Structure formats: structure tokens, C-alpha cells
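Colleague: Give the three-dimensional model of this entry:
(2 chains)
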Amino acid sequence: MSGKILIVDDEVHIRMLLEQTLEELEEDCGVEILSAQNGEEGLALIRSENRIWFFSTS
Amino acid sequence: MMPKLNGYEVCQRVREDPEASGIGIVLLTAKGQEVDRRQGLELGASRYMTKPFDPDEVLKVAKELLHLDV
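Modeller: Residues are numbered from 1 along each chain as shown, chains lettered A, B, ... in the order given. Next comes the predicted model:
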């Protein structure tokens, strides 16, 4: 199991920066990276997925 | 800022869900005061980081929480 990362932020450039930072885990370790643009969307994704780890910004 | 549900609230809701207990949560925020950090950790965040973020630090934390040996 490699796991998943969910990035949650309403600012698109922060999401992109985090995606760029974490993409080597996707390439090297098979980690799946998902993004959501607000808390509601993030929670909905968490409820539909297992083993997610996520970033959230306030 | 998240207009409707902020990161602290999302963190709290995830922690209220017993099925989501294994999820690691990183709060990445502009609020850098000790009181903010304490609040984040009390709400169940696994890690509390401040913006602007250090990419190496973010990667390190991600690997730790995903138990990746890289």
C-alpha cells in the first residue's frame, strides 16, 4: 500500500506548489495525489476514499 | 482562507469520524502563533506547518506520515 495524499486549498497556486513538491512521491513511490479546492470538497473525497492523508490550509 | 469551512474545521470533522482515524492531517497555515499551533494540534492535526512552506520539510513530513522509507 502506497497511500494517498489529498491537498486541500482554495488558492490554485498553493495547490500547484504542493502538487509539484509532492509529485516525486507519485513517481518514486506510487503515491496517489488528489486535490480539492475547499473543505467541503475535501471532506467528500475523504469519505469516498480510504487511507488518505491531507493538507489543509486556513 | 477557506471561505466556508476552514482547515481547523475540516480537521475537527475528520477526527470526529471513527472510520477516518488512520488519516494523517497536516495543517499548513499562515497562522504562525503558538496559540494557533496548539489549537491545531488539539483539534487532532498530526503536524502543524506554516506558510511559506519549505518543500523539503513538506516532503519529509509526507514520507513520515505515509511510512515511506525513501
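Colleague: From here on, just use CA atoms for contacts and neighbour counts.
Modeller: Noted.
Colleague: For the biggest helix by length in chain A, which outside residues touch it?
Modeller: Secondary structure of chain A per DSSP state H: the longest helix is helix A:12-29. By Cα atoms under 8 Å, 6 or more residues apart in numbering or on different chains, the residues outside helix A:12-29 that reach it are A:2, A:7-9, A:31-33, A:35, A:37, B:55, B:58-59, B:68.
Colleague: could I get it in CSV with only the CA atoms?
Modeller: C-alpha atoms of helix A:12-29 as CSV (Å, rounded to 0.1, in the frame of the first residue of the first chain):
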residue,chain,number,x,y,z
VAL,A,12,-4.8,27.4,-7.0
HIS,A,13,-1.1,28.3,-6.9
ILE,A,14,-0.7,26.8,-3.4
ARG,A,15,-2.3,23.6,-4.7
MET,A,16,0.1,23.6,-7.6
LEU,A,17,3.1,24.3,-5.4
LEU,A,18,2.2,21.4,-3.1
GLU,A,19,1.5,19.1,-6.1
GLN,A,20,4.9,19.9,-7.6
THR,A,21,6.6,19.4,-4.2
LEU,A,22,4.9,16.0,-3.7
GLU,A,23,4.9,14.6,-7.2
GLU,A,24,8.2,12.8,-6.7
LEU,A,25,6.4,10.6,-4.2
GLU,A,26,3.9,9.8,-7.0
GLU,A,27,6.7,8.9,-9.4
ASP,A,28,9.0,7.1,-6.9
CYS,A,29,6.6,5.5,-4.5
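Colleague: Could you identify the most distant pair in the contacts of helix A:12-29?
Modeller: A:Q37 and B:L68 (26.2 Å; Cα to Cα).
Colleague: My reading is that A:I5 is in a strand; is that accurate?
Modeller: Yes - secondary structure of A:I5 (DSSP: H, G, I helix; E, B strand; the rest coil): part of a strand.
Colleague: picking up where we left off before, tell me the buried residues within the contacts of helix A:12-29.
Modeller: Taking 16 or more other Cα atoms under 10 Å in any protein chain shown as the criterion, what is buried in those is A:I7, A:V8, A:D9, A:V31, A:E32, A:I33, A:S35, A:Q37, B:V58, B:L59.
Colleague: Which members of those are positioned in strands?
Modeller: If you go by DSSP state E, the buried ones among the contacts of helix A:12-29 have A:I7, A:V8, A:E32, A:I33, A:S35 in strands.
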